[in-house]
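Novice: sequence unknown, structure follows:
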């Protein structure tokens, strides 16, 4: 800013030539203090000192963006946890998750979406997610639902396998003949933990004879889940 362009001050001593008349300095200072150019200069300096440097502004903006991303990530975690809890609850009760028609105009869209909408009425985070989330990231599609179910299965299997390794396990097979004279074989795998509780690992229905069943079950249980049992006996 060129302060010489401001009107209201005719003495160049405070602008270009410098001040020499110190005998009348007090009087000159008071006059200059009331001049428009001095007032404008003081205001300009005050505004400059209050300005945030560009690097500080960029850093502040970066922190704000990171904070919004972290908040969004946290909300997504909350949403995902609630969806997982809904799926687990419905799976435990053997309920069907999806409806035949999930169009927004349909009153009955299936239990899964109905429960999600019910929760959104009382949960602002879920409500905000349903209203503002992009269509490709609502986490409500059948594919995402199946991925969640598969992940739950993997977590359960890892937990069971960690309890089974290097512990006595029994494979029990029982068969019956159906009307078509085919052998229907059901197999159950149990282990005994230290607190003597039974854990049901997996149940299969096979159309195999007893010998093949034992071999296939051994492959399935021991090889698929990387278990090492050097001593196996058929009773």
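Specialist: The structure has been received and is ready for your questions. Model, not experiment: these values are computed from the prediction.

Novice: who's in contact with residue 78?
Specialist: residue 125 (C-beta atoms under 8 Å, 6 or more residues apart in numbering). Any C-beta I mention is one placed from the backbone N, CA and C, and that applies to glycine too.

Novice: measure it to residue 159 for me?
Specialist: Separation of residue 78 from residue 159 (C-beta to C-beta, to the nearest Å): 24 Å.

Novice: Tell me which helix or strand residue 108 sits in.
Specialist: Following DSSP states H and E, one finds residue 108 outside all helices and strands.

Novice: how about it, what does it touch?
Specialist: Residue 108 neighbours (C-beta under 8 Å, 6+ apart): 99, 114.

Novice: That one and residue 17: what is the separation?
Specialist: Residue 108 sits at a distance of 90 Å from residue 17 (criterion: C-beta to C-beta).

Novice: Which positions in the helix or strand containing residue 83 come out as buried?
Specialist: Element membership for residue 83, per DSSP H and E: helix 54-92. Within helix 54-92, the residues scored as buried using 16 or more other C-beta atoms under 10 Å are 79, 82-83, 86-87.

Novice: What is the nearest of these to residue 181?
Specialist: For the buried residues of helix 54-92, the residue nearest residue 181 by C-beta to C-beta is residue 87; the value is 40.3 Å.

Novice: Quick one: find the helix or strand in the protein with the lowest mean pLDDT.
Specialist: Using mean pLDDT, DSSP states H and E, strand 198-206 stands out as the lowest-scoring helix or strand of the chain, at a mean of 42.

Novice: Which stretches in the protein count as strands?
Specialist: Per DSSP state E, the chain carries strands over the ranges 169-177, 183-192, 198-206.

Novice: For the buried residues of helix 54-92, name the two members farthest from one another.
Specialist: Once C-beta to C-beta is applied, those give 79 and 87 as the farthest pair, at 12.8 Å.

Novice: Tell me where the model's unsure across the protein.
Specialist: For the chain, the stretches with pLDDT under 70 are 1-11, 13-14, 19, 21, 101-107, 160, 163-173, 185-235.

Novice: hmm, try it at 80
Specialist: Residue ranges of the chain with pLDDT under 80: 1-29, 31-32, 48-49, 52-53, 56-57, 99-109, 157-235.

Novice: Next up, the contacts around residue 98.
Specialist: Counting by C-beta under 8 Å, 6+ apart, residue 98 has contacts 110, 112-113, 142, 145.

Novice: Tell me how far it lies from residue 182.
Specialist: Taking C-beta to C-beta, one finds residue 98 at 33 Å from residue 182.

Novice: Ok, residue 20 next?
Specialist: When residue 20 is compared with residue 182 (using C-beta to C-beta), they lie 120 Å apart.
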